[in-house]
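In: mind folding the following:
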Amino acid sequence: MEAFRAFLKRKDIEISLHRYGIDALSAMAQGLFCSLLIGTIINTLGQQLHIDYLTTIGGYASAMSGPAMAVAIGYALKCPPMVLFSLIAVGSAANGLGGAGGPLAVLLIAIAAAECGKAVSKETKVDLLVTPAVTIFVGVALSSLLAPAIGTAASWLGKLIMMATELQPFLMGIAVSVLVGVALTLPISSAAICAALGLTGLAGGAAVAGCCAQMIGFAVMSFRENRWGGLVSQGIGTSMLQMGNIVRNPKIWIAPTLASAITGPLATCVFHLEMNGAPISSGMGTCGLVGQIGVYTGWVNSGKAITAFDWMGLLLICFILPGVLTWAFGLAERKLGWIKEGDLKLD
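Out: Sure thing, here's the model as predicted:
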């Protein structure tokens, strides 16, 4: 046993919640931001400005989300170069086979493949062949075995959301807003779930509300720690950047989730906010303003007479209320000692 522990230490393989649940998860969120999310933002700009080149760039960036996440995880795990580069194939396989659970599949499988690659790195005279072969074989094999099941598990959340849409508007607004908002922050794809479910109409509006509560909520609540960079990266990027901090202190998730439970029913019962654009937009929140553009596109395509009340509802549900409510709830948590200075700091 001592020899095994010495081997793990020599290989810098640290089996711990901090290494996997905080370091790797936080890095994965950054990899997702630097591929899928920034690609979505660029693509949206291209579509709205009718610049095809931007749309092309955004498409290329988004397509690399699996490899980007896997390499980011490998970097956090301090992988040697041969292992790090081999994770590109692993990330592509895990994300592609994981469906709606792609990011979670990448997280689990890239960790396993990276540690196996590190274990054999520089242990043989043919390291150039052995290290990438072991890393890729383990990663792709695990992707084939586990990623589809992870995708199925993620789709169960989608089924729960569909059940929630069958409730009356008030309860549906709460349930869908909270569930989709939580899915947005978790390492699964809320956009893929909404697209697969065809989540539009009032349910789509509630989903947009929940996603905005998480993104704008975390951006505003963590402003004192992360300043303007954090405001932008979370507010129009992703609240998944906070997952590492959520693992450290789950109580930081209370404030934006409570906010989503309030904005959801307001969206469905007061402002009658509907998503009649592409269903995938329901799960994007304020990422590149895709959710808001989807709502507006739905208004235009349906021939709706857009009123000041509609604009007020969109601004309140997507930006103002998430920020104000989450800030207020977060302030209360800070006074109770549930959130301490630095708990929301992004690396």
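In: need the contact list for residue 333.
Out: Residues near residue 333 by Cβ atoms under 8 Å, 6 or more residues apart in numbering: 251-252, 254-255, 339. Where you see a C-beta, it was placed from the backbone N, CA and C, and this is true even at glycine.
In: which one (most neighbours) among those residues?
Out: In terms of neighbours by other Cβ atoms under 10 Å, these top out with residue 255 at 26 neighbours.
In: ok but that residue is inside a helix, no?
Out: Yes: looking at residue 255 with DSSP: H, G, I helix; E, B strand; the rest coil, it is inside a helix.
In: does it touch residue 214 like I think?
Out: No: shown here, residue 255 and residue 214 do not form a contact pair, counting by Cβ atoms under 8 Å, at 10.0 Å.
In: looking at the contacts of residue 333, which is nearest residue 323?
Out: The nearest member of the contacts of residue 333 to residue 323, counting by Cβ to Cβ, is residue 255 at 11.0 Å.
In: so what's that closest one closest to, chain neighbours aside?
Out: Distances taken as Cβ to Cβ, 6 or more residues apart in numbering place residue 329 nearest to residue 255, at 3.7 Å, with adjacent residues excluded.
In: check what pLDDT that neighbour gets.
Out: On pLDDT, residue 329 comes in at 97.
In: I'd guessed residue 35 sits against residue 64; true?
Out: Yes: using Cβ under 8 Å, residue 35 is in contact with residue 64, at 4.8 Å.
In: ok, those two, which is more surrounded?
Out: residue 35 (24 against 19).
In: A helix includes the more buried one, no?
Out: Yes: counting by three-state DSSP, residue 35 falls inside a helix.
In: quick revisit: can you redo the contacts of residue 333 as CSV with pLDDT?
Out: CSV is the format used below for the contacts of residue 333 (pLDDT from 0 to 100):
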residue, pLDDT
251, 97
252, 97
254, 97
255, 97
339, 96
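In: closest to residue 302 out of the residues you listed?
Out: Checking the contacts of residue 333 against residue 302 by Cβ to Cβ gives residue 255 as the nearest, at 34.5 Å.
In: in the chain, which helix or strand is least confident?
Out: For the chain, using mean pLDDT, DSSP states H and E, the weakest element among its helices and strands is helix 190-197, scoring a mean of 74.
In: got the angle for the next helix or strand after that helix vs helix 190-197?
Out: Sequence-wise, the next helix or strand downstream of helix 190-197 (DSSP states H and E) is helix 201-221. Following axes from the mean of the first three to the mean of the last three Cα atoms, to 10 degrees, one obtains 180 degrees for the angle between helix 201-221 and helix 190-197.
In: mind listing what's buried along helix 201-221?
Out: Within helix 201-221, the residues that count as buried by 16 or more other Cβ atoms under 10 Å are 201-221.
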